[in-house]
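Novice: quick one, fold the following:
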Amino acid sequence: MSETTASVATGNSRTVIAESATPRGRRARIALRGLQILLALFYAIASALPKLIAHPSAAEGFDELGWGSAGMYTIGALELAGAIALLIPVLQSVAAMALSALMVGAFIVTITAFGGENAATPLILIVPLALIAWARRSSNADLLRLVRRRS
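Specialist: Okay, here's the model as predicted:
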């Protein structure tokens, strides 16, 4: 796959933007972005929303764990933050890694506290999250540059 590179001067630094010259590369970028949007919608609507509105199905599980509403709201807020961050270019890789870590925790809790019921769900979600984290890894350097510039 060949690449065309364009340089853009921004302030005191120079940012290099790489664009694939092939239609296949463009389709891959579009598919990856679509996957990010789909996962963001899943985490925001199907996962975080029931926790943040204290839906009985979510509250029941957290009460059973002994985490109560504080744990439920915390996990819901983390999922919503991850969903939003998946859509922000500079945060997308970090968001995918953070949501993957959250899914590892969900898997462990599901195995230990709920006898493995629905344990495959967090593992299945880790696969596309890992793909996004790897494919968008160049955004980590951009994020690091932003953080260093502000400190």
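Novice: quick one: residues contacting the spatially most central residue of the chain.
Specialist: Compute the mean C-alpha point of the chain, and by C-alpha atoms, centre = their mean the closest residue is residue 96, 3.1 Å away. Contact partners of residue 96, counting by C-beta atoms under 8 Å, 6 or more residues apart in numbering, are 86, 129, 130, 132, 133, 136. Heads up, the C-betas are built off the backbone N, CA and C, glycines and all.
Novice: secondary structure added to those, as CSV?
Specialist: Shown next, in CSV, are those (DSSP: H, G, I helix; E, B strand; the rest coil):
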residue, secondary structure
86, coil
129, helix
130, helix
132, helix
133, helix
136, coil
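Novice: returning to what we had before: for the residue nearest to the centre of the chain, helix, strand, or coil?
Specialist: Classified using three-state DSSP, residue 96 is helix.
Novice: quick one: low-confidence parts of the chain?
Specialist: For the chain, the stretches with pLDDT under 70 are 1-21.
Novice: which residues in it form helices?
Specialist: 23-41, 49-52, 56-65, 68-85, 92-113, 120-135, 138-150 (DSSP state H).
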